[in-house]
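Chemist: Here is a sequence together with a model predicted from it:
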Amino acid sequence: MMYVRALPTTDVNRNTEWFTYPGVWTTYILILFFSWLLVLSIFNCSPGMAWTIVHLAHFSVTYHLFHWKKGTPFGDDQGIYNRLTWWEQIDNGKQLTRNRKFLTLVPVVLYLIASHTTDYQNPMLFLNTLAVFIMVVAKFPHMHKVRIFGINADQ
Amino acid sequence: MITIPYLTAVSTYFSYGLLFAFGQLRDYSRLIFDWCSTNNLQGYAPICLAHEDFYIRRLYHRIQDCFNRPISSAPDSWVDVIERYSNDNNKTLKRTTKSTRCLNLGSYNYLGFGSFDEYCTPRVIESLKKFSASTCSSRVDAGTTSVHAELEECVAKYVGKPAAIVTGMGFATNSAIIPVLIGKGGLIISDSLNHTSIVNGARGSGATIRVFQHNTPAHLERVLKEQIAEGQPRTHRPWKKIIVVVEGIYSMEGEICQLPEIVSVCKKYKAYVYLDEAHSIGAIGKTGRGVCELLGVDTADVDIMMGTFTKSFGSCGGYIAGSKELIQYLKYHCPAHLYATSISTPSAQQIISAIKVILGEDGSNRGAQKLARIRENSNFFRAELQKMGFEVLGDNDSPVMPIMLYNPAKIPAFSRECLRENVAVVVVGFPATPLLLARARICISASHSREDLIKALKVISKAGDLTGIKYFPAAPKKQEEEKDRIKLD
């Protein structure tokens, strides 16, 4: 049995400190892989279509969770993170850490797999490209705390 | 150091992801159902934002019956736990009039003062008859009795400092004293696993807060160097004051603080040391004087020593011990002293009597026996649990031992299985602990007998087999039997 050490972190934000423990990256990749298998078995489509569906579903779920929802799911921290999305909260707002680089890479790799397995045909290519463009731009360091046209800004 | 099997970590993340997904689905369906119904609170702001209590509604309420269990007897080594039932899937719980007698592994009853004591209780009853239950006043108005003065002297002498101040509530001691000691322009460096009372006090003070890696003096030194070099944020002026806050025993880990190294680092960089001995005073050290005695640190090196009376002394309230000037300053400025009601006189008498028993001043050696028994009990219990293959945290001699559970489903399973066998344990999960590291926390008491501990071990072993939390291989017993057979031959 393989054991890993769980070193305590210095992150006080309970909403994001779970991302610094071992095993998260593997779980993320395994969830994507198993959902691809699930989509294949339910829809009985080609592998390329299944990857496109996984990519687009991943885009909608992660965009909502990382870049739309603000604050934390518990009230103990008295609302100091209520204006920050999850992406702006991780690693205490420090940019270009390992976790952020990994999370930026996953949608790009998914895009490459999805477009390769569908042979770069439209309309899937257009949807996939739009999704990965929005995802990667949202994760740029310059976009930290930026709300374009006031979308998702506070009152 | 916590060692997790990799598969367990991955499956724990999966479980939490599943719980989160189901919680969101339920929230969305509730939103759709409630679209039709109108409420007559138009124009009022919501009490809490929709997502703020997501965790409480969708995760905590499902296993609510494992927390907040009411008891109907004194928290001795055996306690009466009131039975509860629920008709709506744990959203509300109703109490019955029946109670079960359970082995108590959850109370902070380290020295056994939690129930009738032959020296303390008669004196407390006398004090109750003479002074009545409450002083009905704050300390500065009319709330200081001779017992309060005696208590402060007694505590100061016991802890090894020139003076002490006592407040009526342990949590409020931290959250009311820290803002008085430091303000804007100061720096508080606290251990990453410090208790909520310290976090609240630090946030309320207005000082800048930095966190160092739990119990790692090397990281503390790095943080101190960095912060002293940078100075205050934006103005870069030197800090007005730096206080480093650590705890004696960390209540969720059972680990003892590395005090000698931390004190030497703080001396080097001229920072003050604030030691919170809530769990360690009265429980460790040869005469129960806490972590300073155990690790051989001179009490003059620790600037502010704080502790509570709820754990080892069977009472309520907290104290701060320090130099005479510090305590005088606190008496003039601390809101817990000026405005809050003083500690009730019978509780103060309980503390004085408990300290007398511990020091042997009551004429018997029960205090020394209690201290020896709690050390024996903790070491025996911890060694047996580790032999069975559980992952148990905490240092030797520490009476707090968390057993790691990890998976969220094992939290209610372990707790309910133990209750079925009449053992009451406390389980803790997210957000009191990190997401991955849910645990069952056992607190050993000096009033537990050897039979109690053996029964507890049997029940925990059975519950552990059922829930699959023996993450380490059990120590082999067969080799010992063969060795015995060879010796007999």
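Modeler: It's in.
Chemist: B:F171 is in contact with B:A336, correct?
Modeler: No. Counting by C-beta atoms under 8 Å, B:A336 sits too far from B:F171 to count as a contact (10.4 Å). Backbone N, C-alpha and C define where each C-beta goes, glycine included.
Chemist: Between the two, point out the one with more neighbours.
Modeler: Remark: of B:A336 and B:F171, B:A336 carries more neighbours, 25 against 18, as counted by other C-beta atoms under 10 Å in any protein chain shown.
Chemist: pLDDT averaged over stretch A:67-78, what's the number?
Modeler: Stretch A:67-78 carries an average pLDDT of 81.
Chemist: Hmm, I typed the wrong one, I wanted stretch A:93-106.
Modeler: Mean predicted confidence for stretch A:93-106 is 89.
Chemist: Likewise for stretch B:179-187?
Modeler: So the average pLDDT for stretch B:179-187 ends up being 93.
Chemist: Ok, stretch B:399-418 next?
Modeler: Mean pLDDT, computed over stretch B:399-418, is 92.
Chemist: Quote the end-to-end distance of it.
Modeler: End-to-end distance for stretch B:399-418, by C-alpha to C-alpha, to the nearest Å: 20 Å.
Chemist: Return the set of buried residues in that stretch.
Modeler: For stretch B:399-418, burial by neighbour count (16 or more other C-beta atoms under 10 Å in any protein chain shown) applies to B:399-415, B:417-418.
Chemist: anything in the helix or strand of chain A with the lowest mean pLDDT near chain B?
Modeler: The helix or strand of chain A with the lowest confidence, counting by mean pLDDT, DSSP states H and E, is strand A:3-6 at a mean of 83. Yes. Counting by C-beta under 8 Å from any C-beta of the partner chain, chain B has neighbours in strand A:3-6: A:Y3, A:V4, A:R5, A:A6.
Chemist: nearest to B:Y108, of those residues?
Modeler: Set against B:Y108, the nearest of those by C-beta to C-beta is A:A6 (25.7 Å).
Chemist: Partner strands of the lengthiest strand in chain B, with direction?
Modeler: Looking across chain B with DSSP state E, the single longest strand is strand B:94-104. Strand B:94-104 has these partner strands in its sheet, going by DSSP bridges: strand B:78-85 (antiparallel), strand B:423-424 (parallel).
Chemist: Determine how far that strand lies from the middle of the whole chain.
Modeler: A distance of 24 Å separates the C-alpha centroid of strand B:94-104 from that of its chain, computed with C-alpha atoms, centre = their mean, to the nearest Å.
Chemist: what number of residues lie near B:L25?
Modeler: By other C-beta under 10 Å, 11 other residues sit near B:L25.
Chemist: returning to that earlier point: and the residues of strand A:3-6 next to chain B, which is closest to A:L38?
Modeler: A:V4 (27.5 Å).
Chemist: Could you tell me which residues make contact with that closest one?
Modeler: Taking C-beta atoms under 8 Å, 6 or more residues apart in numbering or on different chains, we find A:V4 in contact with A:P22, A:G23, B:T3, B:I4, B:P5, B:Y6, B:A9.
Chemist: element containing the first one, please.
Modeler: Secondary structure assigned from DSSP states H and E places A:P22 in neither a helix nor a strand.
Chemist: Around B:S115, how many other residues sit close by?
Modeler: B:S115 has 18 nearby residues by other C-beta under 10 Å.
Chemist: list the contacts for the residue nearest the centre of chain A?
Modeler: Taking C-alpha atoms, centre = their mean as the criterion, A:T62 is the residue nearest the geometric centre of chain A, at 4.2 Å. A:T62 sits next to A:P107, A:M135 when contact means C-beta under 8 Å, 6+ apart.
Chemist: could you dump the helix or strand where it lies to PDB, C-alpha only?
Modeler: Taking DSSP H and E as the criterion, the element that holds A:T62 is helix A:47-62. Below are the C-alpha coordinates for helix A:47-62, written out as PDB (Å, rounded to 0.1, in the frame of the first residue of the first chain):
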ATOM      1  CA  PRO A  47     -15.000   8.500 -28.500                       C
ATOM      2  CA  GLY A  48     -14.500  11.900 -30.000                       C
ATOM      3  CA  MET A  49     -18.000  13.000 -29.300                       C
ATOM      4  CA  ALA A  50     -17.700  11.700 -25.800                       C
ATOM      5  CA  TRP A  51     -14.500  13.700 -25.200                       C
ATOM      6  CA  THR A  52     -16.200  16.800 -26.600                       C
ATOM      7  CA  ILE A  53     -19.200  16.300 -24.200                       C
ATOM      8  CA  VAL A  54     -16.700  15.800 -21.300                       C
ATOM      9  CA  HIS A  55     -14.800  18.900 -22.300                       C
ATOM     10  CA  LEU A  56     -17.900  21.100 -22.600                       C
ATOM     11  CA  ALA A  57     -19.400  19.700 -19.300                       C
ATOM     12  CA  HIS A  58     -16.100  20.300 -17.600                       C
ATOM     13  CA  PHE A  59     -16.100  23.900 -18.900                       C
ATOM     14  CA  SER A  60     -19.500  24.700 -17.600                       C
ATOM     15  CA  VAL A  61     -19.000  23.000 -14.200                       C
ATOM     16  CA  THR A  62     -15.600  24.500 -13.600                       C
END
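Chemist: So what's the residue count around B:N87?
Modeler: Using other C-beta under 10 Å: B:N87 sits among 9 other residues.
Chemist: Greatest separation within the contacts of A:V4: which pair is it?
Modeler: Greatest spatial distance among the contacts of A:V4 (C-beta to C-beta): A:G23 and B:T3, at 12.7 Å.
Chemist: So those two - more neighbours on which side?
Modeler: Set side by side, A:G23 and B:T3 show more neighbours around A:G23, with 22 against 12, by other C-beta under 10 Å.
Chemist: Can you check what angle separates the longest helix seen in chain B from helix A:47-62?
Modeler: Ranked by residue count and defined by DSSP state H, the top helix of chain B is helix B:6-36. Calculated by axes from the mean of the first three to the mean of the last three C-alpha atoms, to 10 degrees, helix B:6-36 forms an angle of 70 degrees with helix A:47-62.
Chemist: Tell me the helix or strand right after helix B:6-36.
Modeler: helix B:54-55.
Chemist: which residues are in contact with that next one?
Modeler: A:P73, A:F74, B:G23, B:D27, B:F430, B:P431.
Chemist: Count the neighbours of the fourth one for me.
Modeler: Summarising burial for B:D27: neighbours were counted as other C-beta under 10 Å, giving 14.
Chemist: I'd assumed B:F33 was in contact with it.
Modeler: No. Using C-beta under 8 Å, B:D27 is not in contact with B:F33, being 10.8 Å away.
Chemist: Look at the closest residue to chain A within the stretch 351-489 of chain B and report its pLDDT.
Modeler: Nearest residue of the stretch 351-489 of chain B to chain A (C-beta to the nearest C-beta) works out as B:L435 at 3.5 Å. Looking at B:L435, its pLDDT stands at 85.
Chemist: count of neighbours near the residue lying closest to B:A475 once chain neighbours are set aside?
Modeler: For B:A475, ignoring the flanking residues on the chain, the nearest one in space by C-beta to C-beta, 6 or more residues apart in numbering or on different chains is B:K387 at 4.3 Å. The local packing of B:K387 (other C-beta under 10 Å) involves 14 other residues.
Chemist: Also B:S99?
Modeler: 16.
Chemist: next one: the one 10 residues further on
Modeler: Counted by other C-beta under 10 Å, the residues lying close to B:N109 total 27.
Chemist: Tell me who's in contact with it.
Modeler: Contacts of B:N109 by C-beta under 8 Å, 6+ apart are B:P75, B:D76, B:S77, B:S115, B:G314, B:C443, B:S445, B:S447.
Chemist: Distance-wise, check the closest residue to B:D395 other than its chain neighbours relative to B:I284.
Modeler: In this structure, B:D395 finds its nearest non-sequential neighbour in B:I256, 4.8 Å apart by C-beta to C-beta, 6+ apart. Noted for B:I256: a distance of 7 Å to B:I284, by C-beta to C-beta, to the nearest Å.
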